[in-house]
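1. Sequence and predicted model, in that order:
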Amino acid sequence: NLEAIMARKDRLIAEFTEYRVGQLRTFPLYDGYGRFVSADEIDVDGQRLRAKNFIIATGSVIRHMPIPGLEEVGYMTSDEALELRTRPDSMIVLGGGSVACELAQFYCRVGVDVTLIQRSHHILSSVDEDLARPVETHMREEGMKVFTGTKLHRFWRDGERRCVSFAHEGQDHEIGADVILQALGRRPNIDRLDLEAAGVQVESQRVLVDKQMRTSQPHIFAVGDVNGFDEIVHVAILQGETAGFNADQAG
């Protein structure tokens, strides 16, 4: 019962959010878009704020891929995939990272005909192949179609179905589905921060930090997805604690 599952998920998130917001409101909370105007000052929707230390924790956004037809046919991201209330009959999952695999397996287990298409030669490409291959095998045993070592060609619509053509093991394939889940990765959410004004160094769209979570400006820290280490919430929490401790020590 997908609707019941999502409703329970929303209740759990609401409880967690209420608790966190209550904690945040124990000190001044400004709800708006912030950007640096210098290394010591930010602008939040027209209001200037100065501080001795800053911690950047703006997370990540979906990485858009320039594949012919993908934007035109339309797709879901992981955000929308966690809001579905009606189960689609079929789904194409683009990507083989942890988020792609987790959601692909979830929807396969609730009865969706899932096809996962991964560019690398095995899923979970950031881990050892001898760990990833048994997971692939298990996913196929559960009924999922998994293609690795692929090259996407183009996307198009056939009525209400979204279709893709791709190369796999020297042959071209065409597959259609009701929905596409684009899980080809995320990138740090830094576009609106004006980090250049603060002199914060960025490389390949991620904020560079040391082991103390300091950026190129010693009083500015960056934690979570924005520094590109590991896109895992538990890692972000530990990084936040590290940055908070070091900022406090600095005074």
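-> Here it is on my side, so go on.
2. and the one helix or strand residue 187 maps to, average pLDDT?
-> Taking DSSP states H and E as the criterion, residue 187 maps to strand 186-188. Along strand 186-188, the predicted confidence averages to a pLDDT of 92.
3. contact partners of that strand?
-> Residues outside strand 186-188 that contact it (Cβ atoms under 8 Å, 6 or more residues apart in numbering): 58-63, 205-207, 225-228, 231. To be clear about C-beta, it is placed using only N, CA and C from the backbone, and glycine gets the same treatment.
4. let's go with 7 Å and repeat that
-> 60-63, 205-207, 225-226, 228, 231 (Cβ atoms under 7 Å, 6 or more residues apart in numbering).
5. What subset of the residues you listed is buried?
-> Those of the contacts of strand 186-188 that meet the buried threshold are 60, 62, 206-207, 225-226, 228, 231, by 16 or more other Cβ atoms under 10 Å.
6. any chance of these in CSV, plus pLDDT and distance to residue 22?
-> Formatted as CSV, the buried ones among the contacts of strand 186-188 follow (pLDDT from 0 to 100; distance: Cβ to Cβ, whole Å):
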residue, pLDDT, distance to residue 22
60, 93, 26
62, 88, 30
206, 94, 31
207, 97, 29
225, 94, 24
226, 96, 25
228, 88, 31
231, 79, 27
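7. which two from those residues end up farthest apart in space?
-> The most widely separated members of those, counting by Cβ to Cβ, are 62 and 207 (18.3 Å).
8. if we can go back for a sec, which pair in the contacts of strand 186-188 spans the largest distance?
-> Between any two of the contacts of strand 186-188, the greatest separation by Cβ to Cβ is 18.3 Å, found for 62 and 207.
9. which one of the contacts of strand 186-188 is nearest residue 74?
-> Taking Cβ to Cβ as the measure, residue 62 is the one of those closest to residue 74, at 13.4 Å.
10. For residue 149, see how far away the closest one is.
-> Residue 62 sits 24 Å away from residue 149, going by Cβ to Cβ, to the nearest Å.
11. Also residue 161?
-> The spacing between residue 161 and residue 149, counted by Cβ to Cβ, is 25 Å.
12. Ok, residue 142 next?
-> When distances are taken as Cβ to Cβ, residue 142 and residue 149 turn out to be 21 Å apart.
13. Go through this structure and flag its longest helix.
-> helix 2-24 (DSSP state H).
14. So what's the gap between it and the chain middle?
-> Counting by Cα atoms, centre = their mean, to the nearest Å, helix 2-24 is centred 19 Å from the centre of its parent chain.
15. again with stretch 138-152
-> Remark: stretch 138-152 is offset 21 Å from the chain centroid, using Cα atoms, centre = their mean.
16. ends of it, how far apart?
-> With Cα to Cα, to the nearest Å as the measure, the ends of stretch 138-152 fall 24 Å from one another.
17. which non-adjacent residue is nearest the spatially most central residue of the chain?
-> Compute the mean C-alpha point of the chain, and by Cα atoms, centre = their mean the closest residue is residue 186, 4.5 Å away. Leaving out its chain neighbours, the residue that sits closest to residue 186 by Cβ to Cβ, 6 or more residues apart in numbering is residue 60, at 3.9 Å.
18. Cheers, nothing more for now.
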